[in-house]
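J.: Requesting a structural model of the entry that follows:
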Amino acid sequence: MTTPSQSIQLRQVAEKAARLGGDPLLGVFRSGMDYGYQRDRHDIVTEHDRASEARIIAAITGAVPDSTIIGEEGGEVGTGRVRWYVDPIDGTSNFARGIANWCVSIGAAIGEELVAGVIYDPVAGNMFAADLATVTLNGTPIRVNAEAEQHRAVLLTGFPNTKHTRLFGRQALDAYDELLDAFLAIRTLGSGALNLAHVAAGWSDAAMGFRTNSWDVGAGAFILERAGGRYFGFRDGVPTTPGFLMPDYIAVGRDSAYPVLAAVMARLTDGTANDRILSKEALGS
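T.: Predicted structure coming up:
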């Protein structure tokens, strides 16, 4: 069992690593840069992603030798007890093009239990940080503040993009139309980690993602839940734990999921779920 003091120590290591990884990026941001491609021409990577991850890994393993790193750029490295989920630049397209919404995301877990997390937004100077004792923004405690009714709520999501239209076809556009009608507004920040951090800080009400990775959401899921929100990871249309290791998610700044959001998630992620009614208990309602 991880004690609060151990969690605080891991959060402090993550904060230092995030600054070491993220602060040098400000020197090259909006300077013009080349990039390569990963899965396709919509998924890019820069030399700065790799350099930032290398700095983060050096900082973490120097402070906590008993570590395993699961990084976006380098994959899984090491066999240590503490598992670190590292995204050196979440929002690389924004970073490469000069849009300010990008961040460093680092989550720490013992086994499959998240115990610390930080999301560092260097441009805004915002450090969202959580351990088992506290959750703060730049040292000040934060708390979710979501609307009770979905028609008054703002949803943060990158849905739909080309990946989603390939996965779900026309259903993706129909679902987006349904969400547009149900929510006050839908906004796209271009960074899944920042989506979760903003919900945790009470700046928005909900977030949603498909086919995400643990390094995308580990820190954000932990910060959100420590701030009083709920993170529901889905596999094959079913809420499944540990949520941050599942490919799809909805997250809310309240006790229960919004009904249209939950229904869209279930319908899109499980081809047999058109007639499925998700249990209210599973979604906190």
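
J.: What segments of the protein are helices?
T.: Ranges of helices in the chain, per DSSP state H, are 4-22, 47-63, 92-97, 162-168, 170-182, 192-200, 214-226, 259-269.

J.: Can you lay out these as CSV showing mean pLDDT and distance to L283?
T.: No exception for glycine: its C-beta is placed from N, CA and C like everyone else's. Shown next, in CSV, are the helices of the chain (pLDDT from 0 to 100; distance: least, C-beta to C-beta, whole Å):
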stretch, mean pLDDT, distance to L283
helix 4-22, 97, 27
helix 47-63, 95, 34
helix 92-97, 93, 31
helix 162-168, 89, 21
helix 170-182, 96, 15
helix 192-200, 98, 16
helix 214-226, 97, 15
helix 259-269, 94, 5
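
J.: can you tell which of those is closest to R30?
T.: helix 92-97 (9.0 Å; C-beta to C-beta).

J.: mind checking the end-to-end distance for stretch 254-263?
T.: Using C-alpha to C-alpha, to the nearest Å, the end-to-end distance of stretch 254-263 comes out at 17 Å.

J.: got the buried residues for that stretch?
T.: 254, 257-258, 260-263 (16 or more other C-beta atoms under 10 Å).

J.: hang on, A175 packs against L268?
T.: Yes. Between A175 and L268 there is a contact at 5.9 Å, judged by C-beta atoms under 8 Å.

J.: what do the two both touch?
T.: Here A175 and L268 have F168 as joint contacts, going by C-beta atoms under 8 Å, 6 or more residues apart in numbering.

J.: shaky segments in the stretch 1-150 of the chain?
T.: 42, 44 (pLDDT under 70).

J.: what's the burial count for the residue lying closest to L189 once chain neighbours are set aside?
T.: Nearest residue to L189, sequence neighbours excluded (C-beta to C-beta, 6 or more residues apart in numbering): N101, at 4.7 Å. Counted with other C-beta atoms under 10 Å, the neighbours of N101 add up to 19.

J.: And for V154?
T.: V154: 18 neighbours (other C-beta under 10 Å).

J.: One more: the one 3 residues further on?
T.: Applying other C-beta under 10 Å, we find 24 residues neighbouring T157.

J.: Equivalent analysis for D177, please.
T.: 10.

J.: ok, now G36?
T.: Residues near G36, counting by other C-beta under 10 Å: 10.

J.: does it have beta-bridge partners, and which?
T.: V45 (DSSP bridges).

J.: Next one: it relative to W102, how far apart?
T.: 17 Å (C-beta to C-beta, to the nearest Å).

J.: just to revisit the earlier point, minimum distance to G243: which of the helices of the chain has it?
T.: Taking C-beta to C-beta, helix 214-226 is the member of these nearest to G243, at 6.1 Å.

J.: In terms of secondary structure, what does that closest one contact?
T.: Under the contact criterion of 3 or more C-beta pairs under 8 Å, 6 or more residues apart in numbering; DSSP states H and E, helix 214-226 touches strand 67-71, strand 82-90, strand 103-110, strand 113-121, strand 126-130, helix 192-200, strand 230-235, strand 248-252.

J.: can you put these in CSV and add mean neighbour count?
T.: Converted to CSV, the helices and strands packed on helix 214-226 look like this (neighbours: other C-beta atoms under 10 Å):
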stretch, mean neighbour count
strand 67-71, 21
strand 82-90, 28
strand 103-110, 29
strand 113-121, 27
strand 126-130, 25
helix 192-200, 30
strand 230-235, 22
strand 248-252, 26
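
J.: Make a markdown table out of the ones you listed and add distance to A146.
T.: Compiled in a markdown table, the helices and strands packed on helix 214-226 are given as follows (distance: least, C-beta to C-beta, whole Å):
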| stretch | distance to A146 |
| --- | --- |
| strand 67-71 | 30 |
| strand 82-90 | 22 |
| strand 103-110 | 21 |
| strand 113-121 | 18 |
| strand 126-130 | 16 |
| helix 192-200 | 7 |
| strand 230-235 | 10 |
| strand 248-252 | 6 |
